[in-house]
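Colleague: Provided below for reference: sequence and predicted model.
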Amino acid sequence: MPSILPPRVRPPTRSLRLQIAAAAVLPVLSAVAIRHTAQAQSPTQPLPPVTVEAPKQKAAPKKAAPKAATTAPKAAPAPVQPTIADPAATPPGGSLTVPTTMQAQAILARVPGSVVVVPDTAYKYTTPALTIKDVLDYVPGVFAQPKWGEDTRLSIRGSGLSRNFHLRGVELFLDGIPINTADGFGDFQEIDPTAYRYVEVYKGANALRFGASSLGGAINFVTPTGRDASLFGASADIGSFGFKRLQSSSGGASGPVDYFVTGSWQEQDGFRQHSWAESTRASASLGYQLSPDVETRFYVNANEVRQRNPGSVTKDVALASPTTAAAVNVIDDWQRNIDTLRIANKTTVRIAPGTTVEFGVFGVDRHLMHPIFQWLDYKYEDYGVFGRINDESNIGGFKNRFLLGVTLHNGSYDADQYVNTGGHKGALLSSSRNDADNVAVYTENAFYLLPKVAFVAGVQYLNAQRELTDKLLSDGDQSGRSAFGVWSPKVGLLWEVDRAWQVYGNVSRSAEVPSFGENSFASASAFDAKLQTATTYELGTRGRRPDYSWDLALYRMNIDHELQCTFPFGIADFCVIQNADKTIHQGIEIGFGAAVLKSMLVHGPNPDRLWLNFAYTFSDFRFENDPLYGNNELPGAPRHFLRTELLYKHPSGVFLGPNVEWVPRAYYVDSANTLDTEPYVLWGLKAGYNPEKSMFSMYVDARNLADTHYIASTGITNVANPAVTSLFEPGTGRAVYAGVKYKW
């Protein structure tokens with residue numbers, strides 16, 4: 001339960017003490033690391049290497065010893081057992097601060113829960129990579145649907161279902177450094193799918209590696225370094241509805257220094273009226289290896305995004321006239337414009353084989369210019385520090401992995417809201433300063449009871465404080481303050497059947513603090529909002545073989561005080577927060593890939609293949625004996641969601657195949673379960689040329705070939721009125737995109 005303090009009471013606070021303590025943890029971690037180094041240099045028993053035994057040779061026939069032998073024959077040398085290098089270890093010449101794709105896959109294979117690595121080869125060379133949906137299309141459990149322009153509605157296992165604007169319930173990271181504002185709000189407009197080497201998806205409490213504790217988990221976008229990037233790369237894409245994009249990058253290394261820089265510009269008229277968008281994005285990193293065991297890396301990320309917002313419409317309009325924008329959005333020229341500058345540093349120190357310390361700082365300056373029902377002028381300043389120590393050692397002859405980390409993420413923003421007069425600022429209506437302070441301390445330990453079975457236990461403690469200071473008192477003082485302190489433990493088992501096959505199970509807790517954005521209509525009463533908590537039970541398995549791979553997870557979340565939104569005006573861009581009593585999220589996630597046919601036209605060690613990609617998500621989200629809604633389904637997400645493609649791959653690099661997106665059953669948009677969407681099937685086809693070792697590649701991607709009218713995304717409300725409730729965002733009609741890429 002949050003504690004409410006009088007508006008102007010600012011006691012010496014536990015937050016300040018915790019921040020000082022958190023900052024103090026970093027040198028403590030270093031001291032522990034140094035001590036560990038000294039211990040590592042002592043004559044202790046090292047970890048036993050993983051070995052492969054050579055097959056036994058048949059004994060050669062014995063020969064009679066020569067009668068005149070004067071010397072004894074030399075003893076044969078002991079056979080050398082070849083070792084298998086740890087796939088998570090840094091390869092020679094690699095970066096200490098940024099794992100390669102293979103390293104990331106090996107690291108995540110040790111997590112006793114559902115986690116996925118999406119390499120750039122899965123989407124960058126075969127799609128236009130328009131939005132985050134193209135990146136996450138084949139990750140089961142993730143529901144990502146475009147709204148308009150580059151904006152996307154994202155939910156992982158039902159997180160933030162009620163939030164149809166911005167993002168809640170999933171923590172975003174760029175190279176392991178937080179992207180979200182300090183109060184938890186996020187935006188995908190700052191994400192450039194062309195810029196990343198791979199993307200990591202951590203579902204729920206499996207994101208403990210970064211100290212994340214939200215219901216949906218975390219997504220980490222990882223850029224290349226100069227040590228694994230091409231010297232030069234460029235791409236050009238064009239497509240329907242005025243889409244065009246230019247992108248280029250460069251990377252390289254010389255001795256201890258490496259660099260990577262990438263930039264993109266894109267513009268589109270948009271499928272719907274009033275959905276024009278233009279964006280310019282750039283990212284750069286500079287790494288320096290002070291020694292073979294110490295590397296520091298500096299990051300700069302900048303974005304300029306300009307977007308028109310066509311808004312939500314009624315169900316009838318969405319299906320009958322999907323290009324139509326909401327009238328008020330056109331009249332008042334609704335927009336979402338964002339300027340961002342992010343600067344960060346991350347340093348990694350390897351103090352012993354298997355032991356590293358990582359620490360860093362970050363700062364973000366963000367300006368949101370957002371004419372909607374009012375003209376929102378928000379200026380954000382976020383900053384923080386973080387530190388982690390990872391240790392792999394031997395305890396009593398048993399393997400053990402240990403993680404300890406701390407993150408301090410603070411921020412404030414000045415929120416000024418004006419009358420929106422045709423897209424221009426009118427009279428000032430409200431002005432406030434919003435401060436969010438967060439300190440998260442987390443630890444996790446994996447102890448191998450058996451050589452391939454680990455017991456994993458971890459916990460996070462989060463202290464979060466929120467304060468709103470009203471700067472315009474003509475309508476009363478809306479100031480208020482709340483504080484939250486919560487523990488989120490986790491236990492699990494991991495069975496590493498082999499290097500490429502794991503079975504896991506876990507029980508975990510998660511916690512979510514209300515963001516300021518959800519409280520915009522509730523004024524001071526918003527600080528009575530309760531913390532959302534959940535207990536999650538999860539079982540699953542994942543694995544990879546040369547011709548097939550799989551990812552299967554079953555989960556159940558028992559949620560207390562799930563954050564819900566109601567829209568009193570029947571429009572998805574407005575939200576008043578409320579807490580449900582008890583809700584349940586449970587489901588099945590199935591990801592599968594397989595070469596269903598081989599050697600159809602080409603035989604030999606590198607044959608042609610007919611490859612199937614399949615991702616299915618079953619979601620059962622409902623109230624639990626709610627006094628108003630009983631056991632109704634929670635609105636906002638389909639019960640069944642399937643995405644699949646069948647792709648012919650020739651060893652020359654040519655590929656061709658169809659794909660399908662299928663929502664076989666409508667889902668509700670209101671808690672009363674009176675208004676729903678419509679089921680749909682979308683057909684697509686893509687083809688291209690992407691040889692494994694070539695400087696040139698190309699693709700053509702045709703989408704929604706039947707030009708189906710469908711609803712891609714919705715807001716939610718408590719009780720809907722079909723005639724006036726505007727919660728529906730139409731999906732894009734038939735579209736074709738093409739692109740070429742060049743690198744050397």
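Modeller: In hand now; what should we look at?

Colleague: please, where are all the strands along the stretch 251-400 of the chain?
Modeller: 257-268, 277-291, 294-308, 335-352, 355-371, 375-395, 398-421 (DSSP state E, counting those that start in this stretch).

Colleague: now for the lengthiest strand in the chain, which elements pack on it?
Modeller: The longest strand of the chain (DSSP state E) is strand 424-450. If contacts are counted by 3 or more C-beta pairs under 8 Å, 6 or more residues apart in numbering; DSSP states H and E, strand 424-450 sits against helix 14-41, strand 375-395, strand 398-421, strand 453-470. All C-beta spots, glycine's among them, are computed from the backbone N, C-alpha and C.

Colleague: from residue 726, how far out is residue 163?
Modeller: In this view, residue 163 and residue 726 are 17 Å apart by C-beta to C-beta, to the nearest Å.

Colleague: just residue 332 next, same as before
Modeller: Applying C-beta to C-beta, the value for residue 332 to residue 726 is 15 Å.

Colleague: quick check: residue 364 vs residue 300, distance?
Modeller: Using C-beta to C-beta, one gets 11 Å for the distance from residue 364 to residue 300.

Colleague: quick one: low-confidence ranges for the stretch 451-600 of the chain?
Modeller: 517-528, 566-575 (pLDDT under 70).

Colleague: now do the chain
Modeller: Ranges of the chain meeting pLDDT under 70: 1-89, 91, 164, 517-528, 566-575.

Colleague: find the centremost residue of the chain, please.
Modeller: Central residue of the chain (C-alpha atoms, centre = their mean): residue 219, 1.3 Å from the mean position.

Colleague: how about it, what does it touch?
Modeller: Residues counted as contacts of residue 219 (C-beta atoms under 8 Å, 6 or more residues apart in numbering) are 170, 171, 172, 173, 199, 200, 201, 202.

Colleague: now for these: which two are most distant?
Modeller: Using C-beta to C-beta, the contacts of residue 219 reach their maximum pairwise distance at 171 and 199, which is 13.8 Å.

Colleague: which among the contacts of residue 219 gets closest to residue 640?
Modeller: residue 201 (20.3 Å).

Colleague: packing partners of the helix or strand that closest one falls within?
Modeller: Using DSSP states H and E, residue 201 falls within strand 198-203. Here strand 198-203 touches helix 101-108, strand 115-119, helix 132-136, strand 217-222, going by 3+ C-beta pairs under 8 Å, 6+ apart.

Colleague: which residues touch the next helix or strand along the chain from the third one?
Modeller: Later in the chain than helix 132-136, the nearest helix or strand by DSSP H and E is strand 142-148. Outside strand 142-148, the residues within contact range by C-beta under 8 Å, 6+ apart are 130-133, 136-137, 152-156, 164, 201, 270-272, 275, 307, 309-310, 617, 619, 637-638, 641, 712-713, 729, 731-732.

Colleague: from the contact counts, what lies against the helix or strand following strand 142-148?
Modeller: Heading C-terminal from strand 142-148, the first helix or strand you meet, by DSSP H and E, is strand 151-156. Packing partners of strand 151-156 (3+ C-beta pairs under 8 Å, 6+ apart): helix 132-136, strand 142-148.

Colleague: give me the contacts around the first one.
Modeller: When contacts are defined by C-beta under 8 Å, 6+ apart, helix 132-136 is touched by residues 118, 122-123, 127-129, 142, 144-146, 152, 154, 188, 191, 193, 196, 199, 201.

Colleague: quick one: that helix to chain centroid distance?
Modeller: Counting by C-alpha atoms, centre = their mean, to the nearest Å, helix 132-136 is centred 10 Å from the centre of its parent chain.

Colleague: so which bits of stretch 280-294 are buried?
Modeller: 281, 282, 283, 284, 285, 286, 287, 289, 293, 294 (16 or more other C-beta atoms under 10 Å).

Colleague: run through who's touching that stretch.
Modeller: 95-98, 175, 190, 192, 195, 223, 225-227, 256-265, 295-305, 347-351.

Colleague: gap between the two ends of stretch 325-341?
Modeller: Using C-alpha to C-alpha, to the nearest Å, one end of stretch 325-341 lies 31 Å from the other.

Colleague: thinking again about what came up before, neighbour count winner among residue 163 and residue 726?
Modeller: Using other C-beta atoms under 10 Å as the criterion, residue 163 and residue 726 rank with residue 163 on top: 25 against 22.

Colleague: now that one. Nearest residue, chain neighbours left out?
Modeller: Closest residue to residue 163 in three dimensions, ignoring its sequence neighbours and counting by C-beta to C-beta, 6 or more residues apart in numbering: residue 565, at 6.6 Å.

Colleague: which residues touch the one helix or strand the one you found maps to?
Modeller: Element membership for residue 565 (DSSP H and E) is strand 563-566. Residues from elsewhere that reach strand 563-566, judged by C-beta under 8 Å, 6+ apart: 162-163, 168, 512, 514, 518, 529, 532, 575-580, 671, 715-718.

Colleague: could you redo the last one with a cut-off of 7 Å?
Modeller: If you take C-beta atoms under 7 Å, 6 or more residues apart in numbering as the criterion, strand 563-566 is touched by 162-163, 512, 514, 518, 532, 575-580, 716-718.

Colleague: direction included, what does that strand pair up with?
Modeller: strand 576-579 (antiparallel) (DSSP bridges).

Colleague: quick one: contacts for the nearest residue to residue 347 once chain neighbours are set aside?
Modeller: Spatial nearest neighbour of residue 347, chain neighbours left out: residue 296 (4.2 Å); criterion: C-beta to C-beta, 6+ apart. Residues in contact with residue 296, defined by C-beta under 7 Å, 6+ apart, are 288, 290, 345, 347.

Colleague: wouldn't residue 364 be in contact with residue 409 here?
Modeller: No: under the criterion of C-beta atoms under 7 Å, residue 364 is not in contact with residue 409, lying 10.2 Å apart.

Colleague: thinking again about what came up before, run through the bridge partners of the residue nearest to the centre of the chain.
Modeller: Under the criterion used (DSSP bridges), residue 219 bridges to residue 172, residue 201.

Colleague: ok, now residue 155?
Modeller: Beta-bridge pairing for residue 155 (DSSP bridges): residue 143.

Colleague: from memory it sits against residue 637, does it?
Modeller: Yes: the criterion here is C-beta under 7 Å, and residue 155 meets it with residue 637 at 6.0 Å.

Colleague: joint contacts of the two?
Modeller: 143, 161.

Colleague: before we move on, back to that, more neighbours: which of residue 364 and residue 300?
Modeller: Comparing residue 364 with residue 300 by other C-beta under 10 Å, the one with more neighbours is residue 364, at 23 against 14.

Colleague: how far away from the center of its chain is stretch 478-487?
Modeller: How far stretch 478-487 lies from its chain's middle: 26 Å, per C-alpha atoms, centre = their mean.

Colleague: no no, stretch 436-451
Modeller: 19 Å.
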